[in-house]
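Visitor: I would like to see how this sequence folds:
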Amino acid sequence: MQETITANIGSMAFTLDKDAYNCLQVYFADIERRLPPEEIETLSDLEARMAELLREQVPSSMRVISLKEVHHAIETLGKPECFGEGCTPPHPTPDQASPMRLRRSITDRSIAGICAGIAKTFNIDVTLVRLLTLALILCGGLSFWIYLVLWIVIPSEEYNQQ
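Guide: Sure thing, here's the model as predicted:
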């Protein structure tokens, strides 16, 4: 049996097993030691980003975060040695960068998530895409049937569960 600890990371509550909690404590203490005093706000930004990464990996608040999830998040953020004077956080290489794929959104959908998926893929405002789609359907440029085909053909995005 593993002991669990409830912790507030980046203003979000998490339940972590003891090993994961200790790993995060050491990680943030090491970064804090390396940062100059005038850049201490960077630590709170890193903590907020860590919370986002952990929430992506474990969307359910009922699941305990293990050492595996913490190591994955640390790998994404960078080792403590990457912070401080003269160091820059790692940038993903072309091999690590995720390819641009069209997916229907499951979190920001009005009907099927097609417009939100298109907006997310091309990094534009979803409202603009929705208005343009509505205008094309009403003016006859885009048939409602094409929208239905897109609904069937475009896969929906999935929660990142590991």
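Visitor: Just checking the distance from the host helix or strand of residue 117 to the centre of its chain.
Guide: Per DSSP states H and E, residue 117 falls inside helix 114-122. Taking CA atoms, centre = their mean, to the nearest Å, the mean C-alpha location of helix 114-122 is offset from the chain mean by 16 Å.
Visitor: and what of stretch 51-58?
Guide: Taking mean C-alpha positions (CA atoms, centre = their mean), stretch 51-58 and its chain are 7 Å apart.
Visitor: How many residues are close by residue 16?
Guide: Neighbours of residue 16 under the rule other CB atoms under 10 Å: 25. (Each C-beta comes from the backbone N, C-alpha and C, glycine too.)
Visitor: quick one, helices of the chain?
Guide: Secondary structure of the chain (DSSP state H): helices at 18-34, 41-57, 67-77, 114-122, 126-139, 144-153.
Visitor: Can you lay out those helices as CSV showing mean pLDDT, distance to residue 6 and mean neighbour count?
Guide: CSV is the format used below for the helices of the chain (pLDDT from 0 to 100; distance: least, CB to CB, whole Å; neighbours: other CB atoms under 10 Å):
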stretch, mean pLDDT, distance to residue 6, mean neighbour count
helix 18-34, 87, 9, 16
helix 41-57, 85, 13, 16
helix 67-77, 87, 15, 17
helix 114-122, 85, 32, 20
helix 126-139, 86, 35, 14
helix 144-153, 82, 41, 12
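Visitor: separation between residue 126 and residue 148?
Guide: 20 Å (CB to CB, to the nearest Å).
Visitor: before we move on, the earlier item: now for the helix holding residue 117, which elements pack on it?
Guide: helix 126-139, helix 144-153 (3 or more CB pairs under 8 Å, 6 or more residues apart in numbering; DSSP states H and E).
Visitor: what comes into contact with it?
Guide: For helix 114-122, contacts defined as CB atoms under 8 Å, 6 or more residues apart in numbering pick out 100-105, 107-110, 125-126, 128-130, 133, 147, 150-151, 154, 157.
Visitor: quick one: residue 113 and residue 129 touch, right?
Guide: No - assessed by CB atoms under 8 Å, residue 113 is found out of contact with residue 129, at 11.4 Å.
Visitor: Show the contacting residues for the nearest residue in space to residue 53 that is not next to it in sequence.
Guide: Once flanking residues are discounted, residue 53 sits nearest to residue 73: 4.0 Å by CB to CB, 6 or more residues apart in numbering. Going by CB under 8 Å, 6+ apart, residue 73 touches 50, 53-54, 57.
Visitor: Is it possible to get JSON lines of those residues that adds distance to residue 138?
Guide: Output for these, formatted as JSON lines (distance: CB to CB, whole Å):
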{"residue": "50", "distance to residue 138": "46"}
{"residue": "53", "distance to residue 138": "42"}
{"residue": "54", "distance to residue 138": "44"}
{"residue": "57", "distance to residue 138": "42"}
